[in-house]
Structures are given as structure tokens and as C-alpha cells.
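Undergrad: Using only what follows, build the 3D model:
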Amino acid sequence: MTSTVVYDGDLRTTCTHLRSGNAFETDAPIDNNGKGERFSPTDLMATSLATCMITVMGIKARTMGFDLNGVKIEVEKIMKADPRRVGGINLFFHIPDNLKDLDDKSKQILKHTGNTCPVQQSIHPDIDVKVDWGEWS
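TA: Predicted coordinates for the structure are as follows:
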């Protein structure tokens, strides 16, 4: 088992990672009867893409002799109706100054690594994913 999810009432859950014991709570979004005070399940889906991309990119950067400390990704989730679902995910990379002048080959390797991460490979093709690489564009 990977995790447990317990329904706490009031449209909230507590999610616990079994190996570490780390836990977080979710809430339904405001536009779906919740309070929007925590990540919603669909927020987690969109955020999962960003965390997967930067994690595998960090692994690749480490093998290339540097790190990606300070890279920030803003995540925008776009919902669709009928049926209610995630219709799009937009990611906006912010590259710290010390990585802006990375050589083009390294940038391409890292971008390819991010674009082929396991979560990206698991997202249904009907979900429109757009990545703005910021200073690496």
C-alpha cells in the first residue's frame, strides 16, 4: 500500500503516506460545495504533474553535475463541465538567475526529461497540457 485516505466529514479527507507517516488534508473547491481551504483532488492532480516534472528534472540535473534549487512552477488548473473534469493544466516555470544561462543542450535535456515524466505519460490525451518554460523558452 502507498497511502490511506480517511473521509473526515464536511467534504474533507486526510491523506497519509504510509512509509513516512506524512499527512495532508484535502477540501472540496468552492465551486463544488467546499470551502476551498485546502488542495482539492483535482488541484492535486495538476500539482502532481509539476512535482513529477521537477523531480525527474532534478534527478537528471544531479547526474549532470548541478542542481535545480530555486526553480518554481506556477500551476493553473482549468476545469470543464459535462462531465466535470480537468480539461487543462498550464505550467509556468520560473528559473533562478544562476540557471538562466545554462547551455542550450542542457536545457533541452532537462525539458525533455520533464515532458516525459511518469505523470505526464499518465495524463489522458484529452487534457490540454501547456508548459511555459519562462527564461528557458
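
Undergrad: So which elements touch the lengthiest helix in the chain?
TA: Longest helix in the chain by number of residues, with DSSP state H as the criterion: helix 41-63. Applying 3 or more CB pairs under 8 Å, 6 or more residues apart in numbering; DSSP states H and E, we find helix 41-63 packed against strand 72-80, strand 85-94, helix 104-115, helix 118-122. Quick note: C-beta positions are derived from backbone N, CA and C, even for glycine.

Undergrad: in the protein, what secondary structure element scores lowest on mean pLDDT?
TA: One helix or strand of the chain scores below all others by mean pLDDT, DSSP states H and E: helix 97-100, with a mean of 95.

Undergrad: Relative to Phe92, how far out is Gln121?
TA: For Gln121, the distance to Phe92 equals 21 Å [CB to CB, to the nearest Å].

Undergrad: higher neighbour count, these two?
TA: Set side by side, Gln121 and Phe92 show more neighbours around Phe92, with 15 against 9, by other CB atoms under 10 Å.

Undergrad: isn't the more buried one right next to Ala50, touching?
TA: No: the pair Phe92 / Ala50 is not scored as a contact, 9.6 Å apart, by CB atoms under 8 Å.

Undergrad: Residues in contact with both of these two, list them for me.
TA: Ile73 (CB atoms under 8 Å, 6 or more residues apart in numbering).

Undergrad: Contacts made by the longest helix of the chain with the rest, please.
TA: For helix 41-63, using CB under 8 Å, 6+ apart, the contacting residues are 26, 29, 39, 67-68, 71, 73, 75-77, 79, 86, 89, 91, 109-110, 113-115, 117-120, 123, 129, 131.

Undergrad: Same check on stretch 114-123?
TA: 48-49, 51-57, 89, 129, 131.

Undergrad: From start to finish, how long is that stretch in a straight line?
TA: Using CA to CA, to the nearest Å, one end of stretch 114-123 lies 14 Å from the other.
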